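> from the sequence below, what's the structure:
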Amino acid sequence: MFKNILLASHGTAGALAAENKALALCAKGGKIHHLFVVPSFWQGMTGDDWLNNGTTRDHFRRYLEHALGNEVDNHCERVSNNTARHKLQYSKEILLGEPSSALVDASNKKRFDLIVMGSRRPSGEKGLRSRMLSKDLVHRIQLPLLIVPHPLFTHDVQSA
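This next block holds a predicted model:
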């Protein structure tokens, strides 16, 4: 069992599998630090090609930031509730940036026993491919890293 886990999770099916594994591996009274990284490309999602004036672009940007913020907040609240149900401590860190760099930086800031993250999404599955898991990431991480298989790889669809 691990007392202090860094969980990289953003709400996809693979990330949910990682959350379940982190909850199962965390020692009673332990802590899960939840890292949620919003990829930096969202900053450029103002649709400049079709939003042809500043007012419309700003309105759309605020709408997008609000919608994304609500999604992040809902996800973090769900993870927080799951850790509370397991009698674990919870902290979170929400960053805008490059996911793999953010994970390396977060893993170096505090003392963790284990990093837990989901594996890549199976081909054919809809959704963004964050490409967090790379050879560069694996070489830069200085802690044990557990990559939890996507549920479609394991046929494991249980929830926490």
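
> look through this structure and tell me its longest strand.
Looking across the chain with DSSP state E, the single longest strand is strand 26-39.

> report all helices and strands that that one contacts.
Contact here means 3 or more C-beta pairs under 8 Å, 6 or more residues apart in numbering; DSSP states H and E; on that basis strand 26-39 packs against strand 2-8, helix 54-85, strand 89-97, helix 99-109. The way it works is simple: take the backbone N, C-alpha and C, and place the C-beta from them, glycine included.

> in this protein, where is pLDDT below threshold?
Along the chain, the parts satisfying pLDDT under 70 run over 41-53, 125-134, 154-160.

> at 50 instead, please
In the predicted model of the chain, residues 156-157, 160 satisfy pLDDT under 50.

> follow-up on the earlier one: in TSV, list the helices and strands packed on strand 26-39 along with mean neighbour count.
Formatted as TSV, the helices and strands packed on strand 26-39 follow (neighbours: other C-beta atoms under 10 Å):
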stretch	mean neighbour count
strand 2-8	22
helix 54-85	14
strand 89-97	15
helix 99-109	18
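
> so for Ile141, which of these sits nearest?
Within the helices and strands packed on strand 26-39, the stretch nearest Ile141 is helix 99-109; the backing value is 6.1 Å (C-beta to C-beta).

> what's the angle between that closest one and strand 89-97?
Going by axes from the mean of the first three to the mean of the last three C-alpha atoms, to 10 degrees, helix 99-109 is angled at 140 degrees with respect to strand 89-97.

> right, and the helix or strand after helix 99-109?
The helix or strand immediately downstream of helix 99-109 is strand 114-118, counting by DSSP states H and E.

> no further queries at this time; thank you.
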